[in-house]
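Peer 1: Sequence below, structure please.
(2 chains)
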Amino acid sequence: MGWVRSLFDSRYVGVVGLLVAVLAPFVTATTYSLSVMTSALLFAMLAIGLNIVVGYCGLLDLGYAAFFAIGAYTSGVLATRYGWPLLTTVPVVIVAAVLAGVVIGGPTLRLRSDYLAIVTLGFGEIIRITANNLAITGGPSGIYGIPGIDLFGLDLSGPVGFYYFCVVVVALAAIGAARLGRSRIGRAWRFIREDEDAAEAMGINTYRIKLAAYICGAIWGGIAGVLFGAQLSAISPPSFTFLWSALILMAVVLGGMGSTPGVVVGAVIISVLPEILRGVADYRYFVFGIMLIVLMVFRPEGLWPHRAVERPLRRSRRRQPVEEPPVESGSGGRLP
Amino acid sequence: MTNAELLQVRSLRLAFGGVTAVDGLSFSVSEGSIFSMIGPNGAGKTSAFNCITGFYRPSAGTVVLDGEDITRLRPSAVAARGVSRTFQNLRLFGEMTVLDNVRAGTHLTIRQNPLDALLHTPRFRRSEAEATAHAHQWLDFVNLRGDRAAEARHLPYGEQRRVEIARALARGPKLLLLDEPAAGLNHSEKRELLELLRRIGELGVALVLIEHDMGLVMQVSDRIVVLNFGKEIAEGTPDEIRKDPAVVEAYLGKDEEGDRAPRPRPKPLERTQENTP
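Peer 2: This next block holds a predicted model:
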């Protein structure tokens, strides 16, 4: 079993995942299958973002679809009402997502995480209802005619072009999240998840680090929202219900909290399985539900759980754990 | 050992509703010295620790570190000023590796921002290598024997205690507060702890211990404060404490009569001191 485990911990899982995504359209490239695969990618992006908040940092966010909505609406409004090319809206989307993250996370992250769950649940609904009532967001009928992606004159609005554009964006998002997870701030997120008091005692300002996780999640969600608008070319408030937040959270838990490859697999399953189950027509969500329950009963830690491993950095020494002479006292390191 | 006062606790008081956990506690710890807090269970020792490190906000009194009032700072700010601590019940990051646990102590010292991490800049690699080297160094210092790449929760209890001390040391403290470091350790582990505490003292780090093991306390401490029901009943050198009638009555006397849960007696430990060169 050891080699199987090391296979799953390997650095090359990302490369394999990318290859699968790149080659999938060569297996089936109907408009329908491309749209399912693109949705799966967007879902993966959302799961990767929510994983930073829930998986790394242990903060329960029940309103993640709000950031998704903020991204979709910000870019949609700018693109349709002011004629901005879609990609130029991304910086504004990021700013809007960060602001929303600060506004909602700022007061609530001072509290313990149960409160955060309740407040984020409300926040998700507030954003949706606001979009439903504002004139600029098109009210209940939403925004339509959102343009596709145009990358320096390269038209990526067709299903194939857009799919590959999403592959690139989601791959970068996955690499980014995984790299953050293995850095100073990523360790701090995990310290907080493991034991907030002990993290605080190590000089980690847990409030600020939690806010950073929340803001990162918001940015990932906002960018996924831009892609969502570009894919469907129309968005409306019912696209951002609590069900979305719940499904994204389900993808994270199902895949394995804290594990980037895990949540990508979880997201693909959550988004593709209902399509595969179309054969059982009306019962498909029933079968889907049963399968999820069975899975969580037999594999509560998720399909591909995160495991703590030490990856030697390039140029770093590999140490033998046992036969090391103790450091002479006095030379014991930098002390103030 | 210098005589400069590193930590000064002045008439510290902590009340939870009607219960006064700490009542007018004052003491000071000089640089590089070993100070112990003893007293029966529930005497307010851990509460006092929590007030010093910012986890509790005292109802009255001040905590001064190096001339700076740190009473109302949040725990991370207290830690950033050079105060590290361990917890009474082990508080390791159980599902993270031993090395990651100790890297926690380097959080404030390594220079790296999220952009470095996203792009894996040379600065990122350098700071990560530095954090790893630093973690190894402190694990060497505490003589950790277990696998450093393993999850911390899989180590034996005694080793986990060492990891916790290594983590606190990696923060680079001027003052280290250890809450019952000998609890649950066997005889030989206690002897190693004693030696470790002395080596920490030699680094110039001031230590404040909460400890029930009288043998250990009497051997390592420069000064001792005795608490009972939140009140300070005596303060002095180990010799003064041993002779203090109030202490003997409130604490040591009971111990002699065997009222308390059986713990290793002071005597075997005193013998080990003779054996140590």
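Peer 1: How far off centre is stretch B:165-172?
Peer 2: Relative to its parent chain, stretch B:165-172 has a centroid offset of 10 Å by CA atoms, centre = their mean, to the nearest Å.
Peer 1: If you could redo that for stretch B:199-219, that was the one I meant.
Peer 2: Put simply, stretch B:199-219 sits 8 Å off its chain's centre (CA atoms, centre = their mean).
Peer 1: go on, stretch B:60-73?
Peer 2: The answer for stretch B:60-73 is 18 Å, by CA atoms, centre = their mean.
Peer 1: Can that stretch be said to contact chain A?
Peer 2: No - figure legend: stretch B:60-73 not in contact with chain A (CB under 8 Å from any CB of the partner chain); closest approach 9.9 Å. Where C-beta positions appear, they are placed from N, C-alpha and C, glycine not excepted.
Peer 1: Need phi/psi at the residue lying closest to A:E194 once chain neighbours are set aside.
Peer 2: Leaving aside its sequence neighbours, A:E194 sits nearest to B:F93 (CB to CB, 6 or more residues apart in numbering or on different chains; 3.8 Å). Backbone torsions for B:F93, taken as degrees, to the nearest 10, come to phi -90, psi 90.
Peer 1: hang on, isn't B:A4 packed against B:E31?
Peer 2: Yes - counting by CB atoms under 8 Å, B:A4 does reach B:E31; the two are 5.1 Å apart.
Peer 1: Look at these two and report which has more neighbours.
Peer 2: A direct count of neighbours by other CB atoms under 10 Å in any protein chain shown for B:A4 and B:E31 places B:E31 higher, at 17 against 10.
Peer 1: Distance of that one relative to chain A?
Peer 2: Separation of B:E31 from chain A (CB to the nearest CB, to the nearest Å): 11 Å.
Peer 1: now that residue: how far from B:A234?
Peer 2: 23 Å (CB to CB, to the nearest Å).
Peer 1: Pull the contacting residues for the residue nearest to A:E194.
Peer 2: A:R190, A:F191, A:E194, A:D195, A:A198, A:A199, B:D100, B:N101, B:A104, B:A152 (CB atoms under 8 Å, 6 or more residues apart in numbering or on different chains).
Peer 1: 7 Å instead, please
Peer 2: A:R190, A:F191, A:E194, A:D195, A:A198, B:D100, B:N101, B:A104, B:A152 (CB atoms under 7 Å, 6 or more residues apart in numbering or on different chains).
Peer 1: between the residues you listed, which is nearest B:A117?
Peer 2: Taking CB to CB as the measure, B:A117 lies nearest A:R190 of the contacts of B:F93, at 13.8 Å.
Peer 1: Would you agree that closest one is in contact with A:Y56?
Peer 2: Yes - using CB atoms under 7 Å, A:R190 is in contact with A:Y56, at 6.0 Å.
Peer 1: tell me the mean pLDDT for stretch A:74-90?
Peer 2: Model confidence over stretch A:74-90, given as mean pLDDT, is 91.
Peer 1: Give me the buried stretch members for it, please.
Peer 2: By 16 or more other CB atoms under 10 Å in any protein chain shown, the buried positions in stretch A:74-90 come out as A:T74, A:S75, A:G76, A:V77, A:L78, A:A79, A:T80, A:L86, A:L87, A:T89.
Peer 1: which residues of the stretch 151-277 of chain B fall in helices?
Peer 2: B:157-170, B:187-202, B:214-220, B:238-243, B:245-247, B:253-257, B:266-275 (DSSP state H, counting those that start in this stretch).
Peer 1: Ranking those by mean neighbour count, which comes first?
Peer 2: For the helices of the stretch 151-277 of chain B, the largest average neighbour count (mean count of other CB atoms under 10 Å in any protein chain shown) is found in helix B:157-170, namely a mean of 24.
Peer 1: Output that one in CSV with nothing but the alpha carbons.
Peer 2: Provided in CSV are the C-alpha atoms of helix B:157-170 (Å, rounded to 0.1, in the frame of the first residue of the first chain):
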residue,chain,number,x,y,z
TYR,B,157,3.9,11.4,24.8
GLY,B,158,7.4,12.3,26.1
GLU,B,159,8.6,13.1,22.6
GLN,B,160,5.5,15.3,22.0
ARG,B,161,6.5,17.3,25.1
ARG,B,162,9.9,17.9,23.7
VAL,B,163,8.4,19.0,20.4
GLU,B,164,6.3,21.5,22.3
ILE,B,165,9.3,22.9,24.0
ALA,B,166,11.2,23.0,20.7
ARG,B,167,8.3,24.9,19.2
ALA,B,168,8.3,27.5,22.0
LEU,B,169,12.1,27.9,21.7
ALA,B,170,12.0,28.3,18.0
